[in-house]
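Sequence unavailable; structure follows:
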């Protein structure tokens, strides 16, 4: 399903777009909607009665299916993660689909149609990239680490503590990237291209599949303070595990009321 939706995105890649604004700088294109429509149709065909949470159309309540078999199943769908990139023909975007069973992440896939890379995981069965097993990096020092983050659409209204945190990591890490797709950022962490990731103000569809892929690749995912991570929470800190405490310490050292701003 992710690859089929990715083919729709490739149809539009490289063309001039006329995106609509959902917020001050938050975009949506016809390809977001076409990709989501396809995914919703496929899920309804293959998993009737299951619930869906999708970026563009919101929550769709499940009907329970035959005998209530689908009552505990929820799909979390981002039909185009990285819409701003896509709208500018910047080649870093993808399709993200995750499955929750009884509130726990059970499976996830992120497909990058430009590079034809498909990252996938199932709880307890590891993570893969195009079918081959992947694992997080074994790098243990922030000063040698390549980190990645993102800025929420509200950055112009509330620039702090986001910019202070970015500066703090920039001064400590070997490098910091910001490339506009949280789903792919997490997959790159899972396969060792990045060593750590942090961001706030994200939505469940941005993260669900990627979080499971990181965990199944041996990584660690928490809140900024090291506590349990929740898809509905305000923040995420993910890493290879070896630099996690150092990253948490850097975040805790950012001045100001970071919690209130988040």
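Looks like it arrived, so ask away. Note that the coordinates shown come from a computational prediction; the quantities given were computed from them, not determined experimentally. Numbers count the residues shown, from 1 in each chain.

for stretch 111-130, which positions count as buried?
By 16 or more other Cβ atoms under 10 Å, the buried positions in stretch 111-130 come out as 111-114, 117-122, 127-129. In short, each C-beta sits where N, CA and C put it, glycine included.

what comes up buried for stretch 163-176?
165-166, 168-169, 172-173, 176.

Can I get these in a markdown table including secondary structure and pLDDT?
Output for the buried residues of stretch 163-176, formatted as a markdown table (DSSP: H, G, I helix; E, B strand; the rest coil; pLDDT from 0 to 100):
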| residue | secondary structure | pLDDT |
| --- | --- | --- |
| 165 | helix | 95 |
| 166 | helix | 96 |
| 168 | helix | 97 |
| 169 | helix | 98 |
| 172 | helix | 97 |
| 173 | coil | 98 |
| 176 | strand | 98 |
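
Give me the residue ranges of the stretch 51-200 of the chain where confidence is low.
Scanning the stretch 51-200 of the chain for pLDDT under 70 picks out 63-71.

For it, which segments count as helices?
83-87, 162-172, 182-190 (DSSP state H, counting those that start in this stretch).

Identify the residues contacting the last one?
What that stands for is helix 182-190. Contacts with helix 182-190, where a contact means Cβ atoms under 8 Å, 6 or more residues apart in numbering, come from 78, 81-82, 92-94, 96, 110, 112, 117, 119, 121, 127, 129, 134-136, 148-150, 179, 194-197, 199, 202, 206-207, 209-211, 213-214, 216-217, 219, 238-240.

go on, the second one?
Applying Cβ under 8 Å, 6+ apart, the external contacts of helix 162-172 come out as 142-143, 147, 149, 151-152, 155, 176, 178, 198, 200, 247, 250-251, 253-256, 258, 261.

In strands only, show me those.
147, 149, 176, 198, 200 (DSSP state E).

Just give the nearest non-adjacent residue to residue 255, would you?
What sits nearest to residue 255 in space, not counting adjacent residues and going by Cβ to Cβ, 6 or more residues apart in numbering, is residue 164, at 6.7 Å.

What sits closest to residue 140 if chain neighbours are left out?
Spatially, and ignoring its direct neighbours in sequence, residue 140 is nearest to residue 242 (4.1 Å; Cβ to Cβ, 6+ apart).

Looking at the ones in strands among the contacts of helix 162-172, spot the one nearest residue 15.
Within the ones in strands among the contacts of helix 162-172, the smallest distance to residue 15 is 29.2 Å, found for residue 149 (Cβ to Cβ).

Now do the contacts for the closest one.
165-166, 169, 176-178, 185, 197-199 are the contacts of residue 149 under Cβ under 8 Å, 6+ apart.

Select, from the residues you listed, the two members most distant in space.
Farthest pair in the contacts of residue 149, by Cβ to Cβ: 165 and 185, 15.6 Å.

just curious, which of the buried residues of stretch 163-176 is nearest to residue 12?
Closest to residue 12, out of all of the buried residues of stretch 163-176 and judged by Cβ to Cβ, is residue 176, at 29.9 Å.

and residue 234, how many neighbours?
13 (other Cβ atoms under 10 Å).

domain parsing for this structure?
2-133, 142-254 (automatic domain parsing).

winner for burial among the ones you listed?
When the domains of the chain are scored by mean count of other Cβ atoms under 10 Å, the highest mean neighbour count falls to domain 142-254 (a mean of 20).

how long is it end to end?
Separation of the first and last residues of domain 142-254 by Cα to Cα, to the nearest Å is 16 Å.

Any idea how far that domain is from the middle of the chain?
Put simply, domain 142-254 sits 10 Å off its chain's centre (Cα atoms, centre = their mean, to the nearest Å).

What of stretch 7-19?
Taking mean C-alpha positions (Cα atoms, centre = their mean), stretch 7-19 and its chain are 21 Å apart.

Other residues contacting that stretch?
27-31, 34-35, 38, 80, 83, 86-87, 89, 91, 93, 95, 113-114.
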